[in-house]
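Visitor: what would the 3D arrangement of this be:
(3 chains)
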Amino acid sequence: MADSENRIEVSHVTHEFHGAALRATGGKLVAVNDVSFSLTDSPPQIVNLVGQSGSGKSTLARIILGLQKPTRGSVTFNGKDVYRLGGRDKEEYLRSVQPVFQDPYGIFNPFYKVDRVLWKAIKKFHLAKGRSDGLEVIERSLRAVDLRPEDVLGRYPHQLSGGQRQRVMLARVHMLQPRFIIADEPVSMLDAAVRVLFLNILIDFRDKYGMTTLFITHDLSTSYYVGGDIMVMHKGGIVESGKVDDVLVNPEHPYTRMLLSSVPVPDPDARWKDRAQVVLAEEEEELVVDKPDIEAPNP
Amino acid sequence: MRRFARSLWKLWSSSHKFQIGIVIIAVFVVVAILHGPIVATIGHGQDPLGTAAYTPWQLPSRTNILGTDRYGRDILALTVTGLASSLQVGAVAGLISTVVGVLVAFIAGYKGGKLDSLLSGTADVFLVVPSLPILITLSAYVTNLSLAAIGVILAIFSWALAARTIRSQVLSLRTRPYVELAKVSRMSDLEIIVQELVPNLLPFIGVGFANAVLGSIFALVGLEVIGLGPSNVIDLGLMLNWAIGWGTLSLGMWPMFVAPIFVLGMLFFAVNLINIGLEETYNPRLRKVAGA
Amino acid sequence: MAVRQQALEDNKSAAGTPLLDVRDLRVYYNTVSGVSRAVDGVDLSVRRGEILGIAGESGSGKSTLTTALLRLTKPPGFIAGGSIIFHSRDGELVDLMKVSEAQMRSYRWRNLSYLPQGSMNSLNPVMRISDQFEDVIRAHSDRSTQEIRDIVPELLRQVGLEPHVAKMYPHELSGGMKQRVIIAMAVALNSDLVVADEPTTALDVHIQRVVIQTLGALRDNFGMTVILVTHDMAVHAELADRVAVMYAGSIVEVGDVRQIFKDPKHPYTKGLIGSIPRIGGERRRLSGIQGNTPSPTNWPSGCRFHPRCPYVMDVCPREVPRLLPIRDGQARQKPLVACHLYTEVQAESGGRDGGQ
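Guide: Have a look, this model is predicted:
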């Protein structure tokens, strides 16, 4: 499968939300504004998409996954428009591009055991013939993400921890072996100790199976940890992109700089020096970034 | 099927209110189904509903537990028969309006867009149309309706409410991550609706059904009380109509009033208990917090 | 402003004296699957004028602990035992577990303020900010309406907000601004202690920064004591003086923030510190902590961390380690650790299981 290059091309994608709730901004909200980039699986890579809430990064993820048709622009997979795929091409696309979502609680239908998500993938993508074959595939994939099948199978979602649930989603990805993983804030709801385990698996997937991940996050330190390329998104547009090692070490754009300077450093010897100034409010600095409109309404 | 049983059991054990409501309804349903044998038992071999089966206007006694009416019929037997017809009308109307409401809700809520506007618009029209005047007009023209036909007519006016409430739930579930995951897992729309959405909406569908049943029973009672119901069928509303018409209260013949009102009251009470129980179980804001 | 100045002087001079002593606090929940022992034997001392961080992952009981500190535990939760001794400014000792509900209400805000998780949502959406200040301050102090109106702009300024914010409604403010309005209310009442539960969670980073700095200023400029509860270790590194690390319902380590980050003692703290990615520098693989957080309905026996601990010994599943001071070369404050690895070096064996 990895012999030829696969490519997702996002070109001039714009997405607007309309609605009465957005009257304050003229009846529409431009969630994604003329975004273009491409993802390739040769060489496999991790591409970080970072931005704050309301920057449009989740909308972009849904657009790439074929879940939300953009207002303008196109997403193509190996040259074919994702929103005009016919039967076989659609299957091929879904086989090659799979998501990991943010909310480890919402990803499982509370009505069913967690096994079902894995069995569905097996049936719908014809990954195994028969029950025993399928079980073997499932167990192999669970072990690949450091889960013991007996801890997970036969359980209901609420019986698993957030970390376990997100790893079940990774096991699903492992089963499907897509070329691309679209991971929308996959670790934002996980505890630190579990978070790195998840990130390590993503890195391993790139190295072992050649999967390319679009890693969407608001947490710059996790971006630095996984490395690769980075795009910084602000108000629907990409304001800066490049290698993680360049952008996060020597940021060019003022927004990236502002973000970086706002991230608390996990080192008590590297505290901010300007604590008092904010309180005296002589500087307008934080009021500029603190305008209410930054927290755009969630469409 | 096991998980279905499991969620039913969870529901059952989650709320005493729900349990009480279900028990009351269950008793009524059993009585309604067995109304033939029960009436026969009351009559001890003769028909307690026959004209002049007993002495008219008896207060409760050993032979007539709830006394008799103007024509010497046993009031307990009347009530049991009336309950059966009322529940039958309610069940027919409730079933039809729930099925129609659910279909409309899922199509409108899941597909969205123009189809949604069209269907929700239609539902809104039916919601605001004043049903009682129309029913009154209808019943003035049409006579000798069967119970099923009455049920169908009542359903026309109650599906819209079910459709609206369920549609809003579908809208909120539609963008859940597990639905989106199902989409990228190549599940068809029908599979998603049946397998992902419906199971989670069962409680709402159940509430919708219970309310539609209750609404239809009360609508029929309303018609009967003002004398516009199909007079060939004995239901609880007709009993109330008689009770008013014969001036039973001034005669001191309270059972004629109290029996149907008590049964209707208990129905109302039970359905509301079920509603509250379901709400407490499925509405996380009201759910009793468990754990940290 | 003279009153304020005086209060500040008072607070500063009292810095370092004890404020709260928590002993063996237990907070349980009745659940369908049995009793959930969310907080199970917490010992903690809080000193005046410090910022004490409480760290721990979700399910460790830190939020339950903070609500219990102000006796705000709601059913099905209940306080199963322990004491919380409050040292008032005039030297009086009050066990908050024993006072009446009415007395407790008078302690809240006036002495102990609480910023709940997502506290920005606790403002009344249909009242102007200035009116909300009036409400809160009038209910908890004896200032006149005019007095309150006069100080509101000053209060807002102190948390870095423009005076015209007073005339605005909550929906006109960002999350960070609302958060700071709440902080300003605590300042207004000159509370001894502000307990902030996850104050930065769900805020964007640049707003997070402002909130962090505002909390820091509460202590630096007003000498207030802050208990900062968050799972985000970077926030502790930025703000806290001491950090208490919670695991499975009890505190496993308390120490100076530098010691916690540079030289963590407890294996869990080590794992936690070793799981934090940093920006810049060499990229090395972090190990995380294997295994899952245990369930509060069924804590593991002995040391609750033993099933996940890389240094597990025979004694660990059998005996519960006590929180004891350990000898630590240069440290001024001896770190308190609850771990069998250190039992032998715990010279002061008679040492109280407390915070000092």
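Visitor: could you tell me how many residues sit around B:Gly215?
Guide: Look at B:Gly215: counted by other C-beta atoms under 10 Å in any protein chain shown, it has 22 neighbours. Backbone N, C-alpha and C define where each C-beta goes, glycine included.
Visitor: can you pull out the strands in chain A?
Guide: A:7-18, A:28-40, A:46-50, A:72-77, A:80-81, A:97-100, A:180-184, A:212-217, A:229-234, A:237-243 (DSSP state E).
Visitor: now the residue nearest the centre of chain C: closest residue in space that isn't a chain neighbour?
Guide: Central residue check for chain C by C-alpha atoms, centre = their mean: the C-alpha nearest the mean position is that of C:Ile227, 3.0 Å away. Among residues not flanking C:Ile227 along the chain, C:Val195 sits closest, at 4.5 Å (C-beta to C-beta, 6 or more residues apart in numbering or on different chains).
Visitor: and the one helix or strand B:Leu8 maps to, how far out from the chain middle?
Guide: Using DSSP states H and E, the element containing B:Leu8 is helix B:2-14. Its chain's C-alpha centre and that of helix B:2-14 lie 23 Å apart, by C-alpha atoms, centre = their mean, to the nearest Å.
Visitor: residues contacting C:Pro163?
Guide: The contact partners of C:Pro163, by C-beta atoms under 8 Å, 6 or more residues apart in numbering or on different chains, come to C:152-153, C:156-157.
Visitor: quick revisit: buried set for the helix holding B:Leu8?
Guide: Buried residues in helix B:2-14, counted by 16 or more other C-beta atoms under 10 Å in any protein chain shown: B:7, B:11, B:14.
Visitor: pick the one among the residues you listed closest to chain C.
Guide: Looking at the buried residues of helix B:2-14 and their distance to chain C, the nearest is B:Ser14, at 8.7 Å (C-beta to the nearest C-beta).
Visitor: against B:Ala163, how distant is the residue nearest to that closest one when sequence neighbours are not counted?
Guide: Using C-beta to C-beta, 6+ apart and skipping residues adjacent in sequence, the residue nearest B:Ser14 is B:Thr281, 4.5 Å away. Using C-beta to C-beta, to the nearest Å, B:Thr281 is found at 23 Å from B:Ala163.
Visitor: more neighbours: these two, which one.
Guide: Per other C-beta under 10 Å, whichever of B:Thr281 and B:Ala163 has more neighbours is B:Ala163, with 30 against 20.
Visitor: max-length helix in the chain?
Guide: Assuming you mean chain A. Longest among the helix segments of chain A by residue count, using DSSP state H, is helix A:192-209.
Visitor: actually it's chain C I care about, not the one you picked
Guide: Chain C, longest helix under DSSP H: helix C:205-222.
Visitor: next structured bit after it?
Guide: Next element after helix C:205-222 (DSSP H and E): strand C:225-229.
Visitor: send me that following strand as CSV with only the CA atoms.
Guide: Only the C-alpha atoms of strand C:225-229 are listed here, as CSV (Å, rounded to 0.1, in the frame of the first residue of the first chain):
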residue,chain,number,x,y,z
THR,C,225,-3.3,32.9,50.8
VAL,C,226,-4.2,30.9,47.7
ILE,C,227,-4.9,27.2,47.3
LEU,C,228,-4.5,26.5,43.7
VAL,C,229,-6.0,23.3,42.5
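Visitor: that strand pairs with which strands, parallel or anti?
Guide: Paired with strand C:225-229 in the same sheet, following DSSP bridges, are strand C:51-55 (parallel), strand C:193-197 (parallel).
Visitor: how near is the residue positioned nearest the centre of chain B to A:Pro110?
Guide: Nearest residue to the geometric centre of chain B (C-alpha atoms, centre = their mean): B:Val213, 1.7 Å. Using C-beta to C-beta, we find B:Val213 at a distance of 28 Å from A:Pro110.
Visitor: list the buried residues of the longest helix seen in chain B.
Guide: Ranked by number of residues, the top helix in chain B under DSSP H is helix B:75-106. The neighbour-count check on helix B:75-106 (16+ other C-beta under 10 Å) flags B:75-94, B:96-98, B:100-102, B:104-106 as buried.
Visitor: what's that helix packed up against?
Guide: helix B:16-33, helix B:35-43, helix B:113-128, helix B:147-156, helix B:159-174, helix B:198-225, helix B:236-245, helix B:255-282 (3 or more C-beta pairs under 8 Å, 6 or more residues apart in numbering or on different chains; DSSP states H and E).
Visitor: now tabulate the ones you listed in CSV and tack on mean pLDDT and distance to A:Arg116.
Guide: Listed next are the helices and strands packed on helix B:75-106 as CSV, based on pLDDT from 0 to 100; distance: least, C-beta to C-beta, whole Å:
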stretch, mean pLDDT, distance to A:Arg116
helix B:16-33, 91, 27
helix B:35-43, 86, 44
helix B:113-128, 87, 29
helix B:147-156, 84, 35
helix B:159-174, 86, 17
helix B:198-225, 85, 11
helix B:236-245, 88, 46
helix B:255-282, 87, 21
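Visitor: returning to that earlier point: mind saving the C-alpha coords of the longest helix of chain C as PDB?
Guide: C-alpha atoms of helix C:205-222 as PDB (Å, rounded to 0.1, in the frame of the first residue of the first chain):
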ATOM      1  CA  VAL C 205      -3.600  30.200  26.900                       C
ATOM      2  CA  HIS C 206      -3.300  34.000  26.600                       C
ATOM      3  CA  ILE C 207      -6.300  34.400  28.900                       C
ATOM      4  CA  GLN C 208      -4.800  31.700  31.200                       C
ATOM      5  CA  ARG C 209      -1.800  33.700  31.600                       C
ATOM      6  CA  VAL C 210      -3.700  36.800  32.800                       C
ATOM      7  CA  VAL C 211      -5.600  34.700  35.300                       C
ATOM      8  CA  ILE C 212      -2.500  33.100  36.600                       C
ATOM      9  CA  GLN C 213      -0.900  36.500  37.000                       C
ATOM     10  CA  THR C 214      -3.900  37.900  38.700                       C
ATOM     11  CA  LEU C 215      -3.900  35.000  41.200                       C
ATOM     12  CA  GLY C 216      -0.200  35.600  41.800                       C
ATOM     13  CA  ALA C 217      -0.900  39.300  42.400                       C
ATOM     14  CA  LEU C 218      -3.500  38.400  45.100                       C
ATOM     15  CA  ARG C 219      -0.700  37.100  47.200                       C
ATOM     16  CA  ASP C 220       2.100  39.500  46.100                       C
ATOM     17  CA  ASN C 221       0.000  42.700  46.500                       C
ATOM     18  CA  PHE C 222      -2.500  41.700  49.100                       C
END
